[in-house]
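Chemist: Predicted structure and sequence below. I'll ask about it afterward.
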Amino acid sequence: MSKFSKRIKKCLEAVDKNKLYSLEEAVAILKNVPQPKFDQTVEIACNLNIDPKQSEQTVRGSVILPHGIGKTVRVIVFCKGDDIDKAKSAGADFAGGSDLIEKIKKGWLEFDTSASTPEMMKDVAQLGKVLGPRGMMPAPKAGTVGPDIERIVKDLKGGKVQFKADKTANIHAIVGKISFSDEKICENTLNLFKAITQARPSVVKGRFVKNMTLTTTMGPGVRLDLGRLGQK
């Protein structure tokens, strides 16, 4: 048996699939299982009690995590005029108007997220089929469209995480790196969970978050006890 399969086996043995864990217990498990030779990303996956086909049940938002996500976020900004210099001064990796849109149309996707000034959104809309499925489309609800482009860029660079329920009512989002302290991972996760619950559509009745799992890039998935996270 290879070392890789032994590591996976130990990871799976560390988790009781029939048990719900506290956030602190979940983080401890992910840190104590055998680790690969790189700093794994920690992320959450949760399933919501919504019908994604109904527009009034769309769940989307953003939150600035107190400890960032442990990686450099590549940000592009759709803007023109003086806003191009403002965006770059604030830390944007690329900024531009029609030239940037055409570059993306030709297949360039070397960035992690995007922002836009309101006046550019009419032109940016043509990138919906490219950026939308990747969760990279600027949107007012996500806080990535607005006149204060400098603040938006600084937020995105500083650890702002966007989330959106997909077609199967699931949300996947990063909460940090496994090298973070237990406390930082827990605080980031709690902040994201609160932001998701606050994005609850008014038409949804009953329990909003059905289940939530904390996992790493190559680690096991640990199911969380939502009652202990604060969900009623």
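Modeler: The structure has been received and is ready for your questions.

Chemist: Can you tell me the SS state at the residue nearest to Pro36 when sequence neighbours are not counted?
Modeler: Nearest residue to Pro36, sequence neighbours excluded (CB to CB, 6 or more residues apart in numbering): Met218, at 5.2 Å. Just so you know, the C-beta spots here come from the backbone N, C-alpha and C atoms, and that holds for glycine as well. In three-state terms, and counting by DSSP: H, G, I helix; E, B strand; the rest coil, Met218 is coil.

Chemist: Go ahead and flag the most central residue of this protein.
Modeler: Ala173 (3.2 Å; CA atoms, centre = their mean).

Chemist: Mind listing the residues bridging to that residue?
Modeler: Beta-bridge partners for Ala173, by DSSP bridges, are Ile44.

Chemist: my read: it touches Val59, true?
Modeler: No. Ala173 is beyond contact range of Val59, at 11.7 Å (criterion: CB atoms under 8 Å).

Chemist: quick one: common contacting residues for those two?
Modeler: Residues within reach of Ala173 and of Val59 at once, by CB atoms under 8 Å, 6 or more residues apart in numbering, are Phe163.

Chemist: roughly how far apart are the residue nearest to the centre of the chain and Glu119?
Modeler: Counting by CB to CB, to the nearest Å, the separation of Ala173 from Glu119 is 29 Å.

Chemist: contacting residues around the closest residue to Glu187 other than its chain neighbours?
Modeler: Leaving aside its sequence neighbours, Glu187 sits nearest to Pro66 (CB to CB, 6+ apart; 5.5 Å). Pro66 sits next to 159, 184, 187-188, 191 when contact means CB under 8 Å, 6+ apart.

Chemist: Which residues does whichever helix in the chain runs longest contact?
Modeler: As assigned by DSSP state H, the longest helix anywhere in the chain is helix 182-198. With contact meaning CB under 8 Å, 6+ apart, helix 182-198 is reached by 23-24, 27-28, 31, 42, 44, 46, 59, 61-63, 65-67, 69, 161, 163, 171, 173, 175-176, 178, 180, 208-209, 212, 214, 229-231.
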